[in-house]
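Novice: take this sequence and fold it.
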Amino acid sequence: MPPRGLRARLTIAFLSIVAISLVLSAYLVVDRVSQEFETQERAAQTARTAAVSSAIRSLAQSVAGTDDIIDSKGQLNEKVRERFLLQDPELQQLALGIARADVRVRFGTWNPDKEFFSPAAESEFQISSDGAVLEPGEARDSIQLEPSIVIIGGAPSSISIEVTLVSPLTTRASRLAGITGTITFVGILAMIVAIIVSTIAAARFAKPVQLLSETATAISDGDLSARVPTGIEVAANDEMVALLNQFNLMADRLQGSMQALRRERDRGQEHLADVSHELRTPLAALRAFVDLLQDSGTDEVTRKKLFIEAGRQLERMDSLTSNILELSRFDAGIARPVFVVADMRASVQLAVEQAAAGARRAGVAVDERIPTRKVLVRHDAALVGQAVANLVANALKFTTRGGSVLVSVQLLSTGAATVTVRDTGVGISSDELPRIFDRFYRGTEGLAATSRAARATGSGLGLAIVKSIVDMHAGRIVVESLPGEGTSFALTFPADPEAVEEEVPEAPQTEVGPATLVSFGRRAAALLGEVAKTSLRLRSVLRADPPSSTVSETPASLSVAPESAENPKETQRG
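Specialist: Numbers count the residues shown, from 1 in each chain. As a prediction, this is how the structure comes out:
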């Protein structure tokens with residue numbers, strides 16, 4: 001079964017590479033040395049062949065004397081034949097002393113034109129070297145040499161002698177065996193060293209991986225604070241150090257994400273508590289209305305007023321639930337924006353047209369300042385229209401009769417677009433500005449009666465929806481306001497929200513502590529205020545007092561999120 005551990009696999013891989021490298025190196029070295037030895041032996045044998053050829057030529061000429069070694073009939077001289085058949089010590093010395101090999105001699109003629117040797121009949125002789133005394137390391141070699149041709153002279157074909165050394169005695173094999181043994185010994189030593197080094201190196205390389213595995217196990221078991229030790233003393237190279245640092249960075253982000261999820265869970269629970277409290281107020285009012293309607297002593301005028309007030313409370317609950325559902329879809333990512341390149345003027349103009357009827361009833365002039373050129377920006381037209389409609393509805397709600405609301409669109413040089421909604425209403429104090437985008441926040445009770453009545457009709461979620469829509473477009477909101485002079489909301493949308501999201505670095509996580517007694521007190525005060533408002537309204541109804549002009553002229557369609565009443569299709573996005 002093959003090893004499964006990283007350390008064992010790294011060791012085997014390292015040893016395999018070393019072994020293959022040693023074998024290939026040894027083969028190449030031995031082959032190269034063998035070729036070098038063969039070249040040396042061939043040079044030595046060539047010199048010996050030349051010496052033996054010269055000696056045989058001299059011997060043949062001295063034996064033949066004045067006669068030709070090869071006669072005109074192509075026959076070898078009898079004296080020469082008998083001399084070479086004799087195999088006396090003089091000839092043996094040629095094979096044993098000079099050639100150190102078996103010597104084959106042939107007499108014949110050489111044709112210079114064809115460069116061809118023609119042996120004479122019965123002219124081949126073999127001089128054996130079997131009686132040679134071997135020197136240390138000598139052995140018969142299989143090396144083959146080209147025959148040496150010695151030309152004596154004569155015409156038309158030259159008389160010549162062919163001398164060939166066969167099975168020479170050399171030390172090439174022994175020297176090659178010695179080198180091979182040395183290489184083998186060195187290879188074994190190298191493998192031993194490689195085993196030690198590979199074991200240490202594998203442990204060095206496997207240690208960070210083991211630490212990563214242990215840390216990942218600890219994180220999976222719930223210890224989000226576990227981190228991998230870093231540094232060159234832990235990792236074997238810079239790449240591994242970078243990997244460990246990236247793992248720790250990932251763990252930090254995971255821990256931050258989990259903490260954010262816990263905070264979101266806590267905020268969700270608080271949000272649920274807020275929703276339940278917000279719904280309790282109109283439900284309590286409706287319950288009181290039902291009790292009064294069931295009372296037989298209630299006259300018809302009072303009953304009619306109770307029905308009208310109950311309808312307003314129902315409209316408030318419908319607006320509240322629609323806004324809560326919309327925000328929940330934004331938070332859960334269900335209502336995802338569909339970015340397309342479109343003219344933003346159309347979205348703004350549609351929102352203004354939807355608010356025109358409510359503006360006429362409220363006696364507020366709504367003007368628009370739209371450029372003649374197209375404002376082409378990648379955006380979700382429905383969501384942008386919803387954000388503008390919410391701002392216009394807020395502006396109408398907090399602007400007294402005779403006031404004005406101005407909606408303008410401006411194309412910036414960067415390709416972005418800015419939509420500004422400016423009113424001449426009651427304004428927002430500097431203390432309230434940081435909290436106007438908080439959910440269920442409707443401001444303090446320090447403004448005029450018109451402002452208080454407008455706040456009583458809202459759910460405190462309209463501006464939170466606007467902020468969520470702008471955030472989905474990677475835009476920004478700038479609010480300017482002076483109490484008694486009006487408020488300006490400037491929404492800036494980038495040319496391409498997706499490109500901006502890729503370029504903007506991740507914002508650092510902001511630690512949010514648990515809810516404090518102060519925050520609970522604020523919510524409790526807000527709920528008590530709602531109960532007090534409802535009690536006052538019920539008291540006025542029971543006394544058969546006519547409602548204030550501001551309240552009667554503030555229809556449900558002018559709530560913080562008018563799209564829930566006037567544009568129901570947009571509230572069903574997602």
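
Novice: for residue 56, which three-state class applies?
Specialist: When classified by DSSP: H, G, I helix; E, B strand; the rest coil, residue 56 comes out as helix.

Novice: how about the helices in the stretch 201-350 of the chain?
Specialist: Listed in chain order, the helices of the stretch 201-350 of the chain (DSSP state H, counting those that start in this stretch) span 238-294, 300-332, 344-362.

Novice: ranked by average pLDDT, which of those helices falls at the bottom?
Specialist: The minimum mean pLDDT among the helices of the stretch 201-350 of the chain belongs to helix 300-332 (a mean of 71).

Novice: wait, residue 194 sits on residue 18?
Specialist: Yes. Between residue 194 and residue 18 there is a contact at 4.1 Å, judged by Cβ atoms under 8 Å. C-beta: built from backbone N, CA, C; applies to glycine.

Novice: tell me how far the most centrally placed residue in the chain lies from residue 253.
Specialist: For the chain, the residue nearest the mean C-alpha position is residue 246 (11.8 Å; Cα atoms, centre = their mean). Distance from residue 246 to residue 253, counting by Cβ to Cβ, to the nearest Å: 10 Å.

Novice: from residue 165, how far off is residue 144?
Specialist: 9 Å.

Novice: of the two, which one has the most company?
Specialist: Neighbour totals were compared for residue 144 and residue 165, and residue 165 leads with 25 against 12 (other Cβ atoms under 10 Å).

Novice: pairing partners for the host helix or strand of that one, with directions?
Specialist: If you go by DSSP states H and E, residue 165 is part of strand 158-166. Using DSSP bridges, the strands paired with strand 158-166 in its sheet are strand 102-111 (antiparallel), strand 148-153 (antiparallel).

Novice: what residues of stretch 95-109 count as buried?
Specialist: Judged by neighbour count using 16 or more other Cβ atoms under 10 Å, the buried positions of stretch 95-109 are 95-96, 98-103, 105-109.

Novice: hang on, I meant stretch 72-82
Specialist: 76-77, 80-81.

Novice: what's the most distant pair in the residues you listed?
Specialist: Taking Cβ to Cβ, the two most distant members of the buried residues of stretch 72-82 are 77 and 81; they sit 6.9 Å apart.

Novice: distance of residue 487 relative to residue 379?
Specialist: Separation of residue 487 from residue 379 (Cβ to Cβ) stands at 24 Å.

Novice: those two - which one has more neighbours?
Specialist: residue 379 (29 against 24).

Novice: mean neighbour count, the helices of the stretch 201-350 of the chain: which tops it?
Specialist: By mean neighbour count, with neighbours taken as mean count of other Cβ atoms under 10 Å, helix 344-362 ranks first of these at a mean of 19.

Novice: quick one: that one to chain centroid distance?
Specialist: Distance, stretch centre to chain centre, for helix 344-362: 47 Å (Cα atoms, centre = their mean, to the nearest Å).

Novice: repeat for stretch 213-230
Specialist: 22 Å.

Novice: so for it, what gets flagged as buried?
Specialist: Buried residues in stretch 213-230, counted by 16+ other Cβ under 10 Å: 215, 218-219, 224, 226-228, 230.

Novice: just flag the most distant two among those residues.
Specialist: Farthest pair in the buried residues of stretch 213-230 (Cβ to Cβ) is 224 and 230. Separation: 17.7 Å.

Novice: make TSV out of the helices of the stretch 201-350 of the chain and add distance to residue 178.
Specialist: Listed next are the helices of the stretch 201-350 of the chain as TSV, based on distance: least, Cβ to Cβ, whole Å:
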stretch	distance to residue 178
helix 238-294	45
helix 300-332	82
helix 344-362	90
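
Novice: residue 142: which element?
Specialist: Assessed by DSSP H and E, residue 142 sits outside every helix and strand.

Novice: show me the contacts for it.
Specialist: residue 167 (Cβ atoms under 8 Å, 6 or more residues apart in numbering).

Novice: show me the contacts for the residue lying closest to residue 103 once chain neighbours are set aside.
Specialist: Nearest non-adjacent residue to residue 103, counting by Cβ to Cβ, 6 or more residues apart in numbering: residue 127, 4.1 Å away. By Cβ under 8 Å, 6+ apart, residue 127 lies in contact with 87, 91-92, 94-95, 99, 102-105.

Novice: redo that, cut-off 7 Å
Specialist: Shown in contact with residue 127 (Cβ atoms under 7 Å, 6 or more residues apart in numbering): 87, 91-92, 94-95, 102-103, 105.

Novice: I'd like to know which of these is nearest to residue 472.
Specialist: Of all those, residue 102 has the smallest distance to residue 472: 100.0 Å, by Cβ to Cβ.
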